[in-house]
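J.: my questions are about this predicted structure, shown below with the sequence.
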Amino acid sequence: MMRLPKFDYRAPREILEAVKIIAGAGPEGQFVAGGTDLYPNMKRRQQTPKTVISVMRVPELNQISGEGKTGGVRIGASVTLTDVCENPIINRDYPVVAHAARSISTPILRNMGTIGGNLLLDTRCNYYDQNYEWRKGINFCLKKDGDICWVAPGSSKCWAVQSSDLVPVMVAIGAKLRFASTLGDRVIDAAGLYNDDGIDYLHKRPDELLVDIQLPTTNGWRASYQKLRRRGAFDFPVLGVAAWVQLDPVGLVKDAKLILGGIAPSPLEVKEAGQALIGQPLDREHIEAAAEAAYVKARPLDNTDFVMNWRKQMTREYTRRALEELRPK
């Protein structure tokens, strides 16, 4: 049985209190919400914070507010995935967010896991997500305790994969994230948070607390999300495709974005796919062109489930499915 290491547990009730605690704890402090990612990692000794600061009792982080279409929506970082799935405004105006949240894990874990936790999810890899003894047996890896990336031994970079379902969606729709620390607040675009490195995968200081996610107004755009995984019930994505389009009054694509997840340390925007659609009708011919552009740019690595070349081929199919869902009926 894998057991948690010893740690000091704190449960502040205000944002200011939380950021002061982590500022005092320094590098050995870490925030936790639902704990569905952090606690298993601690059991495997991938992360061993001395002070764990739960933010589940901070009221501001547990609220969903906003009018939806006309005023956007604010989702507190500690709102559970179940509450995201079931919120009537999110289902009405941001169905892609509810759909992506519903595809995460199982109902029991969605009752515990939070939207903030999924957006800050640790990168994953077959050589990393193992118990301590297994990792020690291969002399560890570059991401934790070792000096070699077993995915690409000649590389100085860690290639652990960003495996969140909500990240590609938030990047595609242009969501903003608000962070707090003892230095004050800052708001960034979701696209600006993620870094193409399996170790240093977030543009975020350890002392910063994710406070909320701000969804933009729905001024005529539509978005969809498609997920590839082995089991349809609860697996992590080995490919996620988020598509976002905005049509002009005559039905031509005014703007478009295509974001791939689950194949690299950060979400990948395939700009060529968007360009293949802009100025064109969202018909089968141009969807095929966008799907081909996504296929060309996708370069999955052999560190998650399924054969990597087959996952690359599936990029074409899942891009096609995501865009077909957005075609005018």
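T.: The structure has been received and is ready for your questions.

J.: check which helix or strand residue 109 maps to.
T.: For residue 109, the element it lies in under DSSP states H and E is helix 107-112.

J.: pLDDT on the helix or strand just after that helix, on average?
T.: Downstream of helix 107-112, the first helix or strand assigned by DSSP H and E is helix 115-119. Averaging pLDDT along helix 115-119 yields 98.

J.: helices or strands up against the helix holding residue 109?
T.: If you count contacts as 3 or more Cβ pairs under 8 Å, 6 or more residues apart in numbering; DSSP states H and E, helix 107-112 packs onto helix 81-86. (Glycine included, C-beta is placed from N, CA and C.)

J.: buried residues, the very next helix or strand once past the helix it packs on. List them.
T.: Using DSSP H and E, the helix or strand that follows helix 81-86 in sequence is helix 88-93. The neighbour-count check on helix 88-93 (16 or more other Cβ atoms under 10 Å) flags 89, 90, 93 as buried.

J.: buried ones in the helix or strand following helix 88-93?
T.: With elements assigned by DSSP H and E, the helix or strand that comes after helix 88-93 is helix 95-102. For helix 95-102, burial by neighbour count (16+ other Cβ under 10 Å) applies to 96, 97, 98, 99, 100, 101, 102.

J.: looking at those residues, which is nearest residue 114?
T.: Closest approach to residue 114 among those (Cβ to Cβ): residue 101, at 10.2 Å.

J.: from residue 110, how far off is the closest one?
T.: Separation of residue 101 from residue 110 (Cβ to Cβ, to the nearest Å): 7 Å.

J.: which residues do these two both contact?
T.: Shared contacts of residue 101 and residue 110, defined by Cβ atoms under 8 Å, 6 or more residues apart in numbering, comprise 81, 85.

J.: distance from the host helix or strand of residue 309 to the middle of the chain?
T.: Assigned by DSSP H and E, residue 309 belongs to helix 308-324. Using Cα atoms, centre = their mean, to the nearest Å, the distance from the centre of helix 308-324 to the centre of the chain it belongs to is 19 Å.

J.: run the angle between that helix and helix 95-102 for me.
T.: 140 degrees (axes from the mean of the first three to the mean of the last three Cα atoms, to 10 degrees).

J.: chain center to the helix holding residue 109: distance?
T.: 17 Å.

J.: can you point out the buried residues in it?
T.: Under 16+ other Cβ under 10 Å, the buried positions of helix 107-112 are 110, 112.

J.: what lies in contact with that helix?
T.: 34, 35, 36, 80, 81, 82, 85, 101, 102, 104, 234.

J.: please enumerate the strands of the stretch 201-329 of the chain.
T.: All strands of the stretch 201-329 of the chain, identified by DSSP state E, counting those that start in this stretch, fall at 209-215, 221-228, 239-247, 253-261, 268-269.

J.: kindly report the same for the stretch 1-150 of the chain.
T.: With DSSP E, counting those that start in this stretch as the criterion, the stretch 1-150 of the chain has strands spanning 8-10, 29-32, 51-54, 64-68, 72-76.

J.: in its sheet, what does the second one sit against?
T.: Each strand paired with strand 29-32, and its direction, by DSSP bridges: strand 51-54 (parallel).

J.: same question, the first one
T.: Neighbouring strands of strand 8-10 in its sheet, by DSSP bridges, are strand 51-54 (parallel).

J.: give me the contacts around the strand it pairs with.
T.: 7-12, 18, 21-22, 25, 28-33, 38.

J.: what's the answer for stretch 15-26, then?
T.: With Cβ under 8 Å, 6+ apart, stretch 15-26 has contacts from 10, 12, 29-31, 49-51, 53, 55, 58, 60-61, 180-182, 206-209, 211.

J.: just the buried ones from those residues?
T.: The buried subset of the contacts of stretch 15-26 - by 16+ other Cβ under 10 Å - is 10, 12, 29-31, 49, 51, 53, 55, 58, 60-61, 180-181, 206-209, 211.

J.: excluding its backbone neighbours, what's nearest residue 89?
T.: Distances taken as Cβ to Cβ, 6 or more residues apart in numbering put residue 68 closest to residue 89, at 4.5 Å, once the chain neighbours are dropped.

J.: my error: substitute residue 192 in the last question.
T.: Residue 192's closest residue in space is residue 203 (Cβ to Cβ, 6+ apart), at 6.3 Å.

J.: measure that neighbour to residue 175 for me?
T.: Distance from residue 203 to residue 175, by Cβ to Cβ: 15 Å.
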